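Peer 1: Sequence first, predicted model second:
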Amino acid sequence: MAAKGTPDTALDLAKVRNIGVIAHIDAGKTTTTERILFYTGLVHRMGEVHDGAATTDYMEQERERGITITAAAITAAWRGYQINLIDTPGHVDFTAEVQRSLRVLDGGVVVFDGVAGVEPQSETVWRQATEYGVPRICFINKFDRVGANFKRVVDMIAERLHAKPVPIQLPYGEGPDFAGIIDLMAMELVTYADELGNELVRQPIPADYLAQAQETRAQMVEMIAENDDYLMEKFLLEEEVTNDELVAALRDATIHNKVQPVLVGSSLKNKGVQLLLDAVVAYLPSPLDVPPVQGIHPTTGEEESRKPSDDEPLAALVFKIVTDPFVGRLAFFRVYSGVLKAGSAVQNTTKGKKERIGRVVRMFADRREDVEEVHAGDIAATLGLKDTFTGETLSAAHAPILLENIKFPEPVISVAIEPKTKADQDKMALALQKLAEEDPTFVVKVDETIGQTLIKGMGELHLEVLVDRMLREFKVGARVGKPRVAYRETITRAVRAEGRFVRQTGGSGQYGHVIVDFEPLPEDSTENYVFENKLVGGSIPKEYVTPTQRGIEEAMQSGVLAGYPVTRIKATLVDGSYHEVDSSEIAFKIAGSLALKDGVQRGKPVILEPVMKVEVVAPDEYTGDIIGDLSARRGNILGMEPRGNGASSIRASVPLGEMFGYATNIRNQTQGRGSFTMEFEKYMPTPQHIMDEILKGGKK
């Protein structure tokens, strides 16, 4: 038998839960995770985020800032079940961590602040979970705070997230009077006999809460019955519905994303977390409850699927890379089928390369435990992979499968960076390479023309943390320039362009000639670039189509107006000509790039700027000044709503270029009482006067 808190390797798949804790920044994810570790016996003393002692916030940068930066993986045991848990960041700059975690998880616990309710990043993570079809349960946390309101938060979940929350608990008291939880399934009051919340006391519901509990339970039964024909029939015939039937029906509805059970508690005050663990086991899916993973055969392109079974061929997805200064590169993976053994040879199907699995480890935040093998449905990490990175598939060589990669948002901000000394130069290149391997939203670009290195990321905090890590972990001194916006270029009208490249030098020359129709893609298009071949009659041989496409794509990277990448464009190859002797792939590649430049110049080009979704929460007396300031920053005010306790939330769309330094500004404007969150929304054309300024800067 495994020790308390350590999973038993012989557990069957039905008793495995792969879950993530996701939420807006400061809703209490890490504190909730810390309590889970305590109650499952993995830690014997609860560390607090505000003391810089939380187990899953193990990086120095996390402890100093009191926020989660990287997703930390933990394996724990609860009532005979194995729980693989990932604590994700809430700050929008680290949204890629949430994205890649949700890609490999089967279920999620979404944590909400009992006072603030649904916040901007709650909407983002909810949307990401919906994209990946991840079943969720909701945990309304911080119920010991003044202003906590259960009904208001449940209503916000339904309205703002278009969800179907089903409360299965009620708070007993609120704010400082929050003393326990009413369990609507058992119709009991749960209180705690000690400060640490170890000992649960179940008792009858007090008379003054009974009517409310009965009414809410009746609503709960009706909402669950709506999703189960058998229960609906019993409900309409007013027959008794048993608790076992309710739990089974609620589990099925949750797994199929029809409803989301809602629980309540206060992680900081050690209330409600054991009941949350019980709900994870009861309502969230095991690997057997999710559909078989889909992929394609790398050579035939035919669809393949793998069931979550040890008897199937190996299929695993690497979802995260971490550079550890002591042991090297650690690759986190999810095994969808088969068994991954230490020392075995596997195929990296994405790159078509063989890999040797070194050590296989179970993760307990920054602590690891060696294991011989991991089974279908499990999450673990391995050391020793040479060519495998985030989003790549590992499979059995005799049965290759390529799983869907993980899509990440593009960086929206860049800064110039240079080493402080000659000695730092080589170290900086290595450090940047390792950080870029870890983080797919961190891009390093060297501008050869001026010999400058640019680093791009999701926000000021994102780049600040990466530069700080470079200094501490890799001992590289660097100077960092001012943040710059990652602009884009596009066209606003359809145009026919010609690219002709002809060189005659003595012997054989070069000849490439293409005619391409360019047109702008709509704003809401999911594609940034579409290429179509509509050649008829063999005016250009087939072998020159791909070089033409490559030439267009390469020219798009360096732009035409001010050197920014071209986006939202459709290119249709319609005609051209070739020379039997002089034509070559390189000639058609250059012709394609010339066509792109000609097309953009004549297609009424505009510069696009990233526009951010901004939400400011501040006391009511400052809202007028805040709205005025956001409008002065070319912001479009979208709405305002009360947040309780004399505070309001203001939502706006504001260009990123106008938001640098806003953190200091909002502190000064509200005497330190306001806060804001910002996330990328879309690219929009810049006004003419701003475009003129950007073009002047580009020419400089």
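Peer 2: Nice, thanks for sending it over.
Peer 1: hey, let's count contacts and neighbours off CA atoms from now on
Peer 2: OK.
Peer 1: In three-state terms, how would the residue nearest the centre of the chain be classified?
Peer 2: Residue closest to the average C-alpha location in the chain (Cα atoms, centre = their mean): residue 99, at 2.2 Å. Classification of residue 99 using DSSP: H, G, I helix; E, B strand; the rest coil returns helix.
Peer 1: cool, residue 441 as well?
Peer 2: Residue 441 ends up coil, using three-state DSSP.
Peer 1: Tell me who's in contact with it.
Peer 2: Contact analysis of residue 441 by Cα atoms under 8 Å, 6 or more residues apart in numbering lists 96, 408, 409, 410, 411, 456, 457, 458.
Peer 1: any chance you could map the strands in the stretch 201-350 of the chain?
Peer 2: With DSSP state E, counting those that start in this stretch, the ranges of strands along the stretch 201-350 of the chain come out as 260-264, 293-296, 303-306, 315-324, 328-337, 340-341, 345-348.
Peer 1: most neighbours per residue, which of these?
Peer 2: Across the strands of the stretch 201-350 of the chain, averaging neighbours per residue (mean count of other Cα atoms under 10 Å) puts strand 260-264 on top, at a mean of 26.
Peer 1: The nearest residue to residue 474 once chain neighbours are set aside: neighbour count?
Peer 2: Sequence neighbours aside, residue 431 is the residue nearest to residue 474 in space, at 6.2 Å (criterion: Cα to Cα, 6 or more residues apart in numbering). As a burial measure, residue 431 scores 20 neighbours (other Cα atoms under 10 Å).
Peer 1: cool, and residue 152?
Peer 2: 14.
Peer 1: Over to residue 687?
Peer 2: Neighbour tally, residue 687, other Cα under 10 Å: 13.
Peer 1: Pull up the per-residue confidence for it.
Peer 2: Predicted confidence (pLDDT) for residue 687: 92.
Peer 1: State the distance from it to residue 490.
Peer 2: Relative to residue 490, residue 687 is positioned 14 Å away (Cα to Cα, to the nearest Å).
Peer 1: And residue 32, by the same measure?
Peer 2: For residue 32, the distance to residue 490 - Cα to Cα - is 45 Å.
Peer 1: neighbour-wise, which of these two wins?
Peer 2: The neighbour comparison of residue 32 against residue 490 (other Cα under 10 Å) goes to residue 490, with 27 against 24.
Peer 1: wouldn't the more buried one be in contact with residue 564 here?
Peer 2: No. Contact between residue 490 and residue 564 fails when scored by Cα atoms under 8 Å: they sit 9.6 Å apart.
Peer 1: The longest strand seen in the chain - contacts with which helices or strands?
Peer 2: Taking DSSP state E as the criterion, the chain has its longest strand at strand 606-619. Other elements packing on strand 606-619 under the criterion 3 or more Cα pairs under 8 Å, 6 or more residues apart in numbering; DSSP states H and E are strand 488-490, strand 647-655, strand 675-685.
Peer 1: confidence score at the closest residue in space to residue 146 that isn't next to it in sequence?
Peer 2: Computed as Cα to Cα, 6+ apart, the closest residue to residue 146 that is not its neighbour in sequence is residue 175, at 4.4 Å. Looking at residue 175, its pLDDT stands at 85.
Peer 1: Burial check on residue 175, number of neighbours?
Peer 2: 17.
Peer 1: Show me where the stretch 401-550 of the chain dips below the pLDDT cut-off.
Peer 2: 447-451, 505-507 (pLDDT under 70).
Peer 1: I meant to write the stretch 251-400 of the chain there.
Peer 2: With pLDDT under 70 as the threshold, the stretch 251-400 of the chain has low-confidence stretches at 324-327, 364-367.
Peer 1: For stretch 357-365, what is the distance to the chain centroid?
Peer 2: 23 Å (Cα atoms, centre = their mean, to the nearest Å).
Peer 1: who touches that stretch?
Peer 2: 55-56, 58, 72-75, 341-346, 368-374, 379-385.
Peer 1: Show only the entries of the residues you listed found in strands.
Peer 2: Reading strands off these with DSSP E, I get 72-75, 341, 345-346, 368-371, 373-374, 379-383.
Peer 1: Out of the strands of the stretch 201-350 of the chain, which gets nearest to residue 477?
Peer 2: strand 315-324 (18.9 Å; Cα to Cα).
Peer 1: Just the C-alphas of the closest one, formatted as CSV.
Peer 2: What follows is strand 315-324 as a C-alpha-only set of coordinates in CSV (Å, rounded to 0.1, in the frame of the first residue of the first chain):
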residue,chain,number,x,y,z
ALA,A,315,0.4,8.0,-27.4
ALA,A,316,1.5,10.9,-25.2
LEU,A,317,1.5,14.7,-25.5
VAL,A,318,4.3,16.9,-24.1
PHE,A,319,2.6,20.0,-22.8
LYS,A,320,5.3,21.8,-20.9
ILE,A,321,9.1,22.2,-20.8
VAL,A,322,11.0,23.3,-17.7
THR,A,323,14.7,24.0,-17.5
ASP,A,324,16.0,22.9,-14.2
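Peer 1: How far does that strand sit from its chain's centre?
Peer 2: 15 Å.
Peer 1: ditto for stretch 261-271
Peer 2: That offset, for stretch 261-271, works out to 24 Å (Cα atoms, centre = their mean).
Peer 1: what's it in contact with?
Peer 2: If you take Cα under 8 Å, 6+ apart as the criterion, stretch 261-271 is touched by 28, 31-32, 35, 136-144, 154, 165-171, 180-181, 192, 195-197, 250, 254, 272-273, 276.
Peer 1: Mind doing that once more with 6 Å?
Peer 2: For stretch 261-271, the surrounding residues in contact (Cα atoms under 6 Å, 6 or more residues apart in numbering) are 32, 137-143, 165-169, 196-197, 272.
Peer 1: Run through the helices of the stretch 151-300 of the chain in chain order.
Peer 2: If DSSP state H, counting those that start in this stretch is used as the criterion, the helices of the stretch 151-300 of the chain fall at 207-225, 229-236, 243-255, 273-283.
Peer 1: Next, format those as TSV and append distance to residue 601 and mean neighbour count.
Peer 2: Below are the helices of the stretch 151-300 of the chain laid out as TSV (distance: least, Cα to Cα, whole Å; neighbours: other Cα atoms under 10 Å):
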stretch	distance to residue 601	mean neighbour count
helix 207-225	58	16
helix 229-236	62	14
helix 243-255	52	19
helix 273-283	57	19
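Peer 1: and residue 22, which of these is closest to it?
Peer 2: Using Cα to Cα, the helices of the stretch 151-300 of the chain put helix 273-283 closest to residue 22, at 13.8 Å.
Peer 1: Since that was my last question, I'll sign off now.
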